[in-house]
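K.L.:
Predicted model follows, preceded by the sequence.
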Amino acid sequence: MGDPMPSSVKFFFSGMSGMAATCVVQPLDLIKTRMQVAGTTKEYASAYEAVKGIIAKEGVLAMYTGLSAGLLRQATYTTTRLGVYNYLFELWKATYSTPSFASKIGLGMVAGVVGAFVGTPAEVVLIRMTTDGRLPPNERRNYKNVFDAILRIAREEGVLSLWRGVVPTMSRAMVVNGAQLSSYSQAKQMLLATGQFKENITLHFYSSMIAGFVTTIASMPVDIAKTRIQNMKIIDGKPEYTGGFDVVSKIITKEGPLMLWKGFLPYFARIGPHTVLTFVFLEQLTAAYMNMYKKN
């Protein structure tokens, strides 16, 4: 008997899971992005100071600035990356056997690259919308929503500007998905092997927390490089950075190597719950679909 869940349903559930998770963690994503673009300035000394400053200057609702872009990003990026990973995982399993940990990393990296390319336009808009409030009023872009931003960027800067930073974005996605998807699958496998866990929400929670921590450590340097490039300005006709390696080298020499992990707590506070919620939602949707399939 074939797979009872069509690939289209897997992709749909992947996107819905990511979007639901984003509705919860959008404020944390905003804080993380603001701290990353602040550099060595004392604008945000801590996550607490960032929250206090944003609310004082921009209001409580500003914590959800860029939500429309965040949702579009999940609808494109997460739908693609999780859908492709699940598809490749099942294909590998049917063709060979259960993938090894190294194979899972490889599958996750491939899925991440494909997802990142599809999701980069929404990513560019998300970065710009979440950082707009920290700029002087005369320098703000004031996008109305994600679709207004996409149209304006394409019209004012050219369509290819929507894929600005696509290389570091794909590099980050390789690291994030290679770490996140493989560590989640591996954690589930190892926890089940202990005999202390069953296939339920508790297993999904612990597995996704482990995956979130591993992903945070591995992905922060490339995430910061991606963020700086997508938010950079053109100075005297020249871009502020020439690429991801240029960003990293300048951060290390001018700001210190630890700056590559600046905002670790808000980043983990964002990626940890997002990882947990995404996988928990995905597993629950999948379980509900399979139960309905069995009844029919």
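P.N.:
Thanks, I have it.
K.L.:
In CSV, list the C-alpha atoms belonging to stretch 176-193.
P.N.:
The C-alpha coordinates for stretch 176-193 follow below in CSV (Å, rounded to 0.1, in the frame of the first residue of the first chain):
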residue,chain,number,x,y,z
VAL,A,176,20.1,25.5,10.2
ASN,A,177,18.4,22.6,8.5
GLY,A,178,21.4,20.3,8.5
ALA,A,179,21.5,20.8,12.3
GLN,A,180,17.8,21.1,13.1
LEU,A,181,16.2,18.4,11.0
SER,A,182,18.9,15.8,11.5
SER,A,183,19.2,16.5,15.3
TYR,A,184,15.4,16.3,15.6
SER,A,185,15.2,13.0,13.8
GLN,A,186,18.3,11.6,15.6
ALA,A,187,17.0,12.8,19.0
LYS,A,188,13.7,11.1,18.5
GLN,A,189,15.4,7.9,17.4
MET,A,190,17.8,7.9,20.5
LEU,A,191,15.1,8.8,23.0
LEU,A,192,12.8,6.1,21.7
ALA,A,193,15.7,3.6,22.0
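K.L.:
what does it contact?
P.N.:
For stretch 176-193, the surrounding residues in contact (CB atoms under 8 Å, 6 or more residues apart in numbering) are 81-82, 85, 89, 99, 101, 104-109, 111-112, 115, 197-199, 203-204, 206-208, 210-212, 214-215, 218-219, 223, 275, 279. Yep, even glycine has a C-beta here, placed from its N, CA and C like the rest.
K.L.:
what ranges do the strands span in the chain?
P.N.:
234-235, 238-239 (DSSP state E).
K.L.:
okay if I get the ones you listed as TSV plus distance to residue 183 and mean pLDDT?
P.N.:
Output for those, formatted as TSV (distance: least, CB to CB, whole Å; pLDDT from 0 to 100):
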stretch	distance to residue 183	mean pLDDT
strand 234-235	38	75
strand 238-239	34	82
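K.L.:
Just name the most buried of those.
P.N.:
strand 238-239 (a mean of 10; mean count of other CB atoms under 10 Å).
K.L.:
chain center to it, what's the gap?
P.N.:
The chain centroid and the centroid of strand 238-239 are separated by 27 Å under CA atoms, centre = their mean, to the nearest Å.
K.L.:
Mind listing the strands it pairs with, and their directions?
P.N.:
strand 234-235 (antiparallel) (DSSP bridges).
K.L.:
before we move on, the earlier item: are any of the contacts of stretch 176-193 buried, and which?
P.N.:
81-82, 85, 89, 99, 104-109, 111-112, 115, 197, 203-204, 206-208, 210-212, 214-215, 218-219, 223, 275, 279 (16 or more other CB atoms under 10 Å).
K.L.:
a markdown table for the strands of the chain, including distance to residue 17?
P.N.:
A markdown table is the format used below for those (distance: least, CB to CB, whole Å):
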| stretch | distance to residue 17 |
| --- | --- |
| strand 234-235 | 37 |
| strand 238-239 | 36 |
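K.L.:
For residue 133, which of the ones you listed is the nearest?
P.N.:
Nearest to residue 133 among the strands of the chain is strand 234-235 (21.2 Å), distances taken as CB to CB.
K.L.:
Give me every residue in contact with that closest one, excluding its own residues.
P.N.:
residue 240.
K.L.:
and if we set it to 10 Å?
P.N.:
Applying CB atoms under 10 Å, 6 or more residues apart in numbering, the contact partners of strand 234-235 are 157, 240.
K.L.:
neighbours of the residue nearest to residue 72 when sequence neighbours are not counted, just the number please.
P.N.:
If the residues on either side of it in the chain are set aside, residue 72 comes closest to residue 122, at 4.2 Å by CB to CB, 6 or more residues apart in numbering. Neighbourhood size, residue 122 [other CB atoms under 10 Å]: 24.
K.L.:
Surely residue 122 is in contact with residue 79?
P.N.:
No: using CB atoms under 10 Å, residue 122 makes no contact with residue 79, being 11.2 Å away.
K.L.:
May I have the residues that are in contact with the nearest residue to residue 220 once chain neighbours are set aside?
P.N.:
The spatially closest residue to residue 220, leaving aside those adjacent along the chain, is residue 261, at 5.1 Å (CB to CB, 6+ apart). For residue 261, the contacting residues are 216, 217, 220, 221, 224, 267, by CB under 10 Å, 6+ apart.
K.L.:
Quickly note the distance from the last one to residue 47.
P.N.:
This means residue 267. 10 Å (CB to CB, to the nearest Å).
K.L.:
do the same with the first one
P.N.:
Separation of residue 216 from residue 47 (CB to CB): 14 Å.
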